[in-house]
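Enquirer: predicted structure and sequence below. I'll ask about it afterward.
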Amino acid sequence: NAGVMQNPRHLVRRRGQEARLRCSPMKGHSHVYWYRQLPEEGLKFMVYLQKENIIDESGMPKERFSAEFPKEGPSILRIQQVVRGDSAAYFCASSPHAESTDTQYFGPGTRLTVL
Amino acid sequence: QQQVKQSPQSLIVQKGGISIINCAYENTAFDYFPWYQQFPGKGPALLIAIRPDVSEKKEGRFTISFNKSAKQFSLHIMDSQPGDSATYFCAASDTGGFKTIFGAGTRLFVKA
């Protein structure tokens, strides 16, 4: 049973470009969470999605950031018009159930560098 | 009120020693407290977790101590090994909620 997969592992973008980060949850998991980790900091919750639904996006910046989890295919975190401050590691996690007390399984992360 | 404060930021321990990491929270609605271990270049992995109905939970060399009245909990790593060198995050969430709030992390280095 493959774990949570994220790609790309490293992504370099110039200011103003778009970044697309993909997350494939573990098999049988229909709940996906995205987190951002700045250097030397903890993980900050961004968004929680179920298939085709955004459940909680209270941690997402109001502009330029969006997320989706379509019926088929991976979850996508999209950052438009990237700025240097978007440079961070972005992790997704998946769980089989909705409760936050359920174990979340993390992917290896995508390290975004904005030049 | 949503914060989880973690200390120390970094910790150096001799092989065989005890590593202690502390966390404090304010939101009394939190009722699930996991600890995650993260190696460089990897995602965090659940290490051990506790609910506030118990004051201590032990799994191998890892023990969580929980003080509900003080709203504090801590991770103890007994007989620390160089392979334990990693960043440790405490976290908190409430049943029925969707968010897990993470502490800022503690970088542990165990000297051989």
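Expert: Good, I have the coordinates.
Enquirer: ok, A:Val12 touching A:Ser87?
Expert: No - A:Val12 sits out of contact with A:Ser87 when judged by C-beta atoms under 8 Å, with a separation of 9.6 Å. The C-beta positions use only the backbone N, C-alpha and C, and glycine is treated the same way.
Enquirer: can you list residues touching both of those two?
Expert: In the contact map built from C-beta atoms under 8 Å, 6 or more residues apart in numbering or on different chains, the residues linked to both A:Val12 and A:Ser87 are A:Leu112, A:Thr113, A:Val114.
Enquirer: most surrounded residue in those?
Expert: Looking at these with neighbours defined as other C-beta atoms under 10 Å in any protein chain shown, the largest count falls to A:Leu112 at 21 neighbours.
Enquirer: helix, strand or coil for that residue?
Expert: In the three-state summary, A:Leu112 is assigned as strand, counting by DSSP: H, G, I helix; E, B strand; the rest coil.
Enquirer: low-scoring stretches of chain A, by residue?
Expert: Per-residue confidence for chain A (pLDDT under 70) gives these ranges: A:1, A:98-101.
Enquirer: over to chain B?
Expert: Scanning chain B residue by residue, the ranges that satisfy pLDDT under 70 are B:1-2, B:96-97.
Enquirer: how about the residues of it by chain A?
Expert: Residues of chain B that fall close to chain A, judged by C-beta under 8 Å from any C-beta of the partner chain: B:6, B:31-32, B:34, B:36, B:41-46, B:49, B:89, B:93-105.
Enquirer: and those residues, which are buried?
Expert: Buried members of the residues of chain B next to chain A, counted by 16 or more other C-beta atoms under 10 Å in any protein chain shown: B:6, B:31-32, B:34, B:36, B:43-44, B:49, B:89, B:93-94, B:97-105.
Enquirer: how about chain A: which residue is closest to chain B?
Expert: Each residue of chain A has a distance to chain B, by C-beta to the nearest C-beta, and the smallest belongs to A:Phe106, at 3.3 Å.
Enquirer: these two touch, right, A:Leu49 and A:Phe69?
Expert: Yes - in this structure, A:Leu49 sits in contact with A:Phe69. The criterion is C-beta under 8 Å, and the distance is 4.0 Å.
Enquirer: need the overlap of contacts for the two.
Expert: Overlap of the contact sets of A:Leu49 and A:Phe69 (by C-beta under 8 Å, 6+ apart) consists of A:Val32, A:Ser75.
Enquirer: re earlier: can you redo the shared contacts of A:Val12 and A:Ser87 as JSON lines with distance to chain B?
Expert: Below are those laid out as JSON lines (distance: C-beta to the nearest C-beta, whole Å):
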{"residue": "A:Leu112", "distance to chain B": "15"}
{"residue": "A:Thr113", "distance to chain B": "14"}
{"residue": "A:Val114", "distance to chain B": "20"}
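Enquirer: let me see the contact set for the nearest residue to B:Gly17 once chain neighbours are set aside.
Expert: In this structure, B:Gly17 finds its nearest non-sequential neighbour in B:Ser80, 5.3 Å apart by C-beta to C-beta, 6 or more residues apart in numbering or on different chains. The contact partners of B:Ser80, by C-beta under 8 Å, 6+ apart, come to B:Val13, B:Gln14, B:Lys15, B:Gly16, B:Gly17, B:Ile18, B:Ser19, B:Arg61, B:Leu108, B:Val110.
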